[in-house]
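Engineer: Requesting a structural model of the entry that follows:
(one chain, ligands or ions: 2)
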Amino acid sequence: MKARDMNRDWIATARTLSEALPYLQRYTGAIVVIKLGGHAMGSAQAMAEFARDVVLMRQVGVNPVIVHGGGPMINEMLARLDIRSNFKGGKRVTDAATMEVVEMVLSGTVNKRIVQAIGGQGGRAAGLSGKDAGFITCTPASTDLGLVGEPSAIDTAILHTLFDAGVIPVIAPLGGGPDGETYNINGDTAAGAIAAALRADRLLLLTDTDGVLDAEGHVVTELTPEQIRALTREGVIAGGMIPKTETALAAIAGGVRAVVILDGRAPNATLLELFTEHGAGSLIRADPSALTNPAPA
Ligand SMILES: Nc1ncnc2c1ncn2[C@@H]1O[C@H](COP(=O)(O)OP(=O)(O)O)[C@@H](O)[C@H]1O
Ligand SMILES: CC(=O)N[C@@H](CCC(=O)OP(=O)(O)O)C(=O)O
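Structural biologist: Ligands and ions are numbered 1, 2, ... in the order given. Next comes the predicted model:
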């Protein structure tokens, strides 16, 4: 039986739900690609909360697509196996032995953890990697990165089949080469390429900072491509933030309406971003006059 005490918290909750209506209407049928970085994956509790938000999105008619990372989990397994690993420009130099571990951790451990968490909240998710159903084809990203791939073609047919069946795709960032090789794709790069191929309404990059920080450590709530290039030149955007901002620029150029870099550890980060007037993190879009977190068009 429902408690009937009308205390202030419950009234505020009801108001938030009511105020969400225009956003719910706005996002019905929208495709939202969510990149869940390894650093944003917290405890089992945090994973369950993330999964609950994704299931809620699906319930209200959004088509969420989860693309995950897992860098810290790969690091841990490589250390256990005594395999050294290093990064160039935020990407892992990947030889054959490293690739074996990357595939095992991403497709095995991390992917299934997310699929299971979504199932635990009453949703239906299917785990796949870019190697399934000829989904992501890669070419080598650069000669000094080994088996790191850059997506050259994405066949979104499998994703539309899953949308139609009400199933949430959970994607490990791996791709196939023309000769059957397996490539390691940076999770942000994979998410951006998938979002562009789907012409997604939103790409949310969930990480472990409040957003893109300026030289003083303040979140830049809205960034133009020019600002990103300047902050990168100045070294303010560095390390793992480089693939994220590069991805944002490529995704926008590829037809994604807007990209948001935000803290995935914050409770209900994705719901806050999509369904309230309080956007979170750093927003990047091509045309500043384009609508963002808007009242319904
Ligand atoms: N200007 C910046 N603003 C925010 N974070 C930055 C910036 N420059 C570098 N970073 C680093 O990028 C990290 C996020 O990238 P990464 O560790 O690869 O995350 P994930 O595992 O979520 O993909 C942050 O934790 C921070 O250390
Ligand atoms: C080429 C490359 O760097 N691949 C990444 C794939 C995982 C990833 O991107 O994980 P995060 O999102 O948690 O950083 C890696 O091997 O770590």
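
Engineer: got the phi/psi numbers for the nearest residue to Lys131 once chain neighbours are set aside?
Structural biologist: Nearest non-adjacent residue to Lys131, counting by Cβ to Cβ, 6 or more residues apart in numbering: Gly176, 4.7 Å away. Using the backbone N, CA and C atoms, a C-beta is placed for each residue, glycine as well. Main-chain dihedrals, Gly176, degrees, to the nearest 10: phi -100, psi 150.

Engineer: With ligand 1 as the reference, measure out to Gly176.
Structural biologist: According to Cβ to the nearest ligand atom, to the nearest Å, Gly176 and ligand 1 sit 23 Å apart.

Engineer: likewise Gln121?
Structural biologist: Look at Gln121 and ligand 1: by Cβ to the nearest ligand atom, they are 22 Å apart.

Engineer: Could you do His160 as well?
Structural biologist: In this view, His160 and ligand 1 are 27 Å apart by Cβ to the nearest ligand atom.

Engineer: State whether that residue is indeed within a strand.
Structural biologist: No: if the criterion is DSSP: H, G, I helix; E, B strand; the rest coil, then His160 is helix and not within a strand.

Engineer: Count the residues that sit near it.
Structural biologist: The local packing of His160 (other Cβ atoms under 10 Å) involves 13 other residues.

Engineer: In contact with the residue of the stretch 1-150 of the chain at minimum distance from ligand 2: list those residues for me.
Structural biologist: As assessed by Cβ to the nearest ligand atom, ligand 2 sits closest to Gly69 within the stretch 1-150 of the chain, at 1.9 Å. Listed by Cβ atoms under 8 Å, 6 or more residues apart in numbering, the contact partners of Gly69 are Lys35, Leu36, Gly37, Gly38, His39, Val110, Pro173, Asn186, Gly187, Asp188.

Engineer: same deal with Val170?
Structural biologist: Ile66, His68, Asn111, Ile114, Val115, Ile118, Ala125, Ala126, Gly127, Leu128.

Engineer: Local confidence estimate at it?
Structural biologist: At Val170, the predicted lDDT confidence score is 98.

Engineer: Can I take it that it is in a strand?
Structural biologist: Yes: judged by three-state DSSP, Val170 forms part of a strand.

Engineer: Now do it against Asp164, distance only.
Structural biologist: Here Val170 is placed at a distance of 17 Å from Asp164 (Cβ to Cβ, to the nearest Å).

Engineer: just Trp10 next, same as before
Structural biologist: 37 Å.

Engineer: got it, and Arg229?
Structural biologist: Taking Cβ to Cβ, one finds Arg229 at 39 Å from Asp164.

Engineer: Tell me how many other residues surround the residue nearest to Lys131.
Structural biologist: Other residues near Gly176 come to 19 when the count uses other Cβ under 10 Å.

Engineer: residue contacts, it?
Structural biologist: Gly130, Lys131, Gly134, Ile136, Thr137, Cys138, Thr182, Tyr183.

Engineer: Strands along the chain, start to end?
Structural biologist: Under the criterion DSSP state E, the chain contains strands at 31-36, 63-68, 87-88, 91-92, 125-129, 136-140, 149-154, 168-172, 174-176, 182-184, 202-207, 222-223, 258-263, 282-284.

Engineer: ok, now which ones touch the residue in the stretch 101-250 of the chain that ligand 1 sits nearest to?
Structural biologist: Closest to ligand 1 within the stretch 101-250 of the chain is Gly240: 2.1 Å, counting by Cβ to the nearest ligand atom. By Cβ under 8 Å, 6+ apart, the residues touching Gly240 are Gly37, His39, Gly71, Gly90, Thr207.
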